[in-house]
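Peer 1: Test case, fold it:
(one chain, ligands or ions: 2)
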Amino acid sequence: MNVLVLGSGGREHALAWKLRESQLTERVICAPGNAGIAQAAECVPVDLTSPAAMFELAERFDADLTVVGPEAPLVAGVVDEFERGGRKIIGPSKAAASLEGSKMFAKEFMQRHSIPTARFVVADSHESALEALSGFGLPVVIKADGLAAGKGVVVARTREEAEKTLDDFMNRNVLGRAAERLVIEECLVGEEVSFIVLAGTRGFVPLVPTQDHKQVFDNDQGPNTGGMGAYSEDTILSEGLRDEILRRIVQPTLDGMAKEGAPFRGFLYCGLMLTSEGPKVLEYNVRLGDPETQPIMMRLRSDLVDLLAASLDGKLGVVEARWSPNPSVCVVLTSKDYPGTYETGKAITGLEAAEARGGVKVFHAGTARREKDVVTAGGRVLGVTAVAEDLSSAVEKAYTAVSKIHFDGMHYRRDIAAKGVRRLKASADVRNSDRRTENPAPSQ
Ligand code: AMP
Ligand code: GLY
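Peer 2: Ligands and ions are numbered 1, 2, ... in the order given. The predicted structure follows:
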């Protein structure tokens, strides 16, 4: 089979790498790709906002299957274009992609279907937004309705910050048309989890749970980014919580979209907050997460092509998703000053040394080739990913690999998966103390 991957980030590198491993693929093509993807796939340029251009590319390479990485092509209607032309593609239609393309649509959809989420108000003018603010305490969350490349959500801690955000979004148009309408919502408290399912023409299959690290600095400080690292480990969710998410969130979302005439196919990403009142949806994405995909692909044992084809053929469940029980960790290396403005073109060294140990894979995001060198070409540059028998070992392995890599201004968080390691240690301590209570040490 010829498989086409659309996109150019770490997520697409992880997909291309896994697709390359499949027994079923002859050619893997990635558009536009990057310097790392070029080792697993043939990279060709494409305009990711033009469904016609992407379809033309699939025709040229006779792609039997296309996988879409980022949201922009989906919201632009690439899936509808492929379906009209009779080519197989994994992803939601333009109508179903509204779950990510419009935050107002997503929130009102959740309200219609009683899916747990934060209380909210929609505002379409500066005045009505200011008025809406008074209905919420602090912090308050302000979201641009449309796609804003990760810059559309502000968690405002003070009234001044909230008012400045409204001014930036609605009067100064810093996000353009994406912020013509806003969602203002209550700030939820708890741990965040990324829960992604692959939805097929019949049924769906959950992927292993992950946790992202959004803020640029350790201990969740500083501005939000696209994601500074992620890990996957089974106990991120207890079995009870996982069942509750499937029953109260995933199934009603898929049923609701089908009922509204826009059945959802492809990867549905539920960004969740585990609150004291149970899991609530922060946001939907209509695609795989980045960097979540990197640790997820490191744990996937099934043939990815098989799984994707099964989703289109109504055979999810017949073809099972099999996973390694071992946890995985991805540490993202960024350019200096990301997510602000940053320089590019810095030579990267140590890539081979980083991958020398088994179970380590360096996924490329913003990289390019300049003669013999691989150089930085974006804000998020690399995702150093490791899998090991337990989470602490995976963390150690990932950071040892990171220490081999260098480029001018390289920045990364030192605490990826630290929350997970603490949670596991706390539950081990509880188990040990239970054991001591059951079998107290003999008194003298
Ligand atoms: P998004 O750009 O929609 O992925 O949202 C970015 C991040 O903003 C989320 O991952 C959360 O960390 C935060 N966020 C969004 N909505 C809320 C909320 N209602 N309460 C607290 N944090 C939120
Ligand atoms: N890592 C969050 C996202 O992909 O939106």
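
Peer 1: what's the nearest residue to residue 405 if we skip its chain neighbours?
Peer 2: Residue nearest to residue 405 in three dimensions, not counting chain neighbours: residue 350, with 4.2 Å by C-beta to C-beta, 6 or more residues apart in numbering. The C-beta positions use only the backbone N, C-alpha and C, and glycine is treated the same way.

Peer 1: Count residues in the vicinity of that neighbour, would you?
Peer 2: When neighbours are defined as other C-beta atoms under 10 Å, residue 350 has 15 of them.

Peer 1: swap in residue 84?
Peer 2: Residue 84 has 11 neighbouring residues, counting by other C-beta under 10 Å.

Peer 1: mind listing what residue 284 touches?
Peer 2: By C-beta atoms under 8 Å, 6 or more residues apart in numbering, the residues touching residue 284 are 99-100, 106, 253, 268-271.

Peer 1: which of those has the most neighbours?
Peer 2: Top of those by neighbour number is residue 268, holding 27 neighbours under the definition other C-beta under 10 Å.

Peer 1: did I read that right, that residue in a strand?
Peer 2: Yes. Secondary structure of residue 268 (DSSP: H, G, I helix; E, B strand; the rest coil): part of a strand.

Peer 1: What does the pLDDT read for it?
Peer 2: With respect to pLDDT, residue 268 scores 98.

Peer 1: before we move on, the earlier item: quick one: the residue nearest to residue 405 from residue 402, how far?
Peer 2: When C-beta to C-beta, to the nearest Å is the yardstick, residue 350 and residue 402 sit 9 Å from each other.

Peer 1: same check, this time on residue 40
Peer 2: Counting by C-beta to C-beta, the gap from residue 40 to residue 402 is 21 Å.

Peer 1: next one: residue 339
Peer 2: Residue 339 is 19 Å from residue 402, where distance means C-beta to C-beta.

Peer 1: Same drill for these two, tell me which one is more crowded.
Peer 2: Set side by side, residue 339 and residue 402 show more neighbours around residue 402, with 23 against 20, by other C-beta under 10 Å.

Peer 1: gap between the more buried one and residue 49?
Peer 2: Plainly put, residue 402 is 34 Å away from residue 49 if you go by C-beta to C-beta.

Peer 1: Flag every residue of this structure that's near ligand 2.
Peer 2: On the criterion C-beta under 6 Å from any ligand atom, ligand 2 has as its neighbours in the chain the residues 212, 227, 285, 289-290, 292.

Peer 1: Show the backbone phi and psi for the residue in the stretch 101-250 of the chain that ligand 2 sits nearest to.
Peer 2: Of all residues in the stretch 101-250 of the chain, residue 227 sits closest to ligand 2, with a separation of 3.5 Å (C-beta to the nearest ligand atom). Main-chain torsions, residue 227, degrees, to the nearest 10: phi 140, psi 120.

Peer 1: Next one, pLDDT for it please.
Peer 2: Listed pLDDT for residue 227 reads 96.

Peer 1: Next one: it from ligand 1, what distance?
Peer 2: Note on residue 227: its distance to ligand 1, by C-beta to the nearest ligand atom, to the nearest Å, is 9 Å.

Peer 1: wait, what's in contact with that residue?
Peer 2: Contacts of residue 227 by C-beta under 8 Å, 6+ apart are 212-214, 289-292, 332, 380.

Peer 1: Would you mind listing what in the protein touches ligand 1?
Peer 2: Those residues of the chain that sit near ligand 1, judged by C-beta under 6 Å from any ligand atom, are 118, 141, 150, 153, 155, 185, 187-188, 192, 214, 224, 271, 282-283.

Peer 1: Weed out the non-buried ones from those residues.
Peer 2: 118, 141, 153, 155, 185, 188, 192, 214, 224, 271, 282-283 (16 or more other C-beta atoms under 10 Å).

Peer 1: Identify those among the residues you listed that sit within helices.
Peer 2: The helices in this structure, assigned by DSSP state H, contain none of those.

Peer 1: Could you find the lowest-pLDDT member of the residues you listed?
Peer 2: At the low end of pLDDT for these is residue 224, which has 88.

Peer 1: wait, that residue sits on residue 213?
Peer 2: No. No contact is recorded between residue 224 and residue 213 when judged using C-beta atoms under 8 Å, the distance being 10.3 Å.

Peer 1: circling back: same list, the contacts of residue 227, but as TSV with secondary structure please.
Peer 2: Supplementary listing: the contacts of residue 227 in TSV, determined by three-state DSSP:
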residue	secondary structure
212	strand
213	coil
214	coil
289	coil
290	coil
291	coil
292	coil
332	strand
380	strand
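
Peer 1: just the residues you listed now: which is nearest residue 262?
Peer 2: Lowest distance from residue 262 to the contacts of residue 227 (C-beta to C-beta) belongs to residue 289, with 21.6 Å.

Peer 1: Run a quick neighbour tally on the closest one.
Peer 2: Other residues near residue 289 number 23, with proximity taken as other C-beta under 10 Å.

Peer 1: For it, give me its contacts.
Peer 2: When the contact criterion is C-beta under 8 Å, 6+ apart, the partners of residue 289 are 11, 194, 196, 210, 212, 227, 230, 269.

Peer 1: can you check residue 81 too?
Peer 2: Counting by C-beta under 8 Å, 6+ apart, residue 81 has contacts 51-52, 54-55.

Peer 1: same deal with residue 76?
Peer 2: Residue 76 makes contact with 49-51, 94 under the criterion C-beta under 8 Å, 6+ apart.

Peer 1: Can you tell me how far the residue nearest the centre of the chain is from residue 69?
Peer 2: Taking C-alpha atoms, centre = their mean, the centroid of the chain lies closest to residue 289, which sits 1.4 Å from it. From residue 289 over to residue 69 the distance is 10 Å, taken as C-beta to C-beta.
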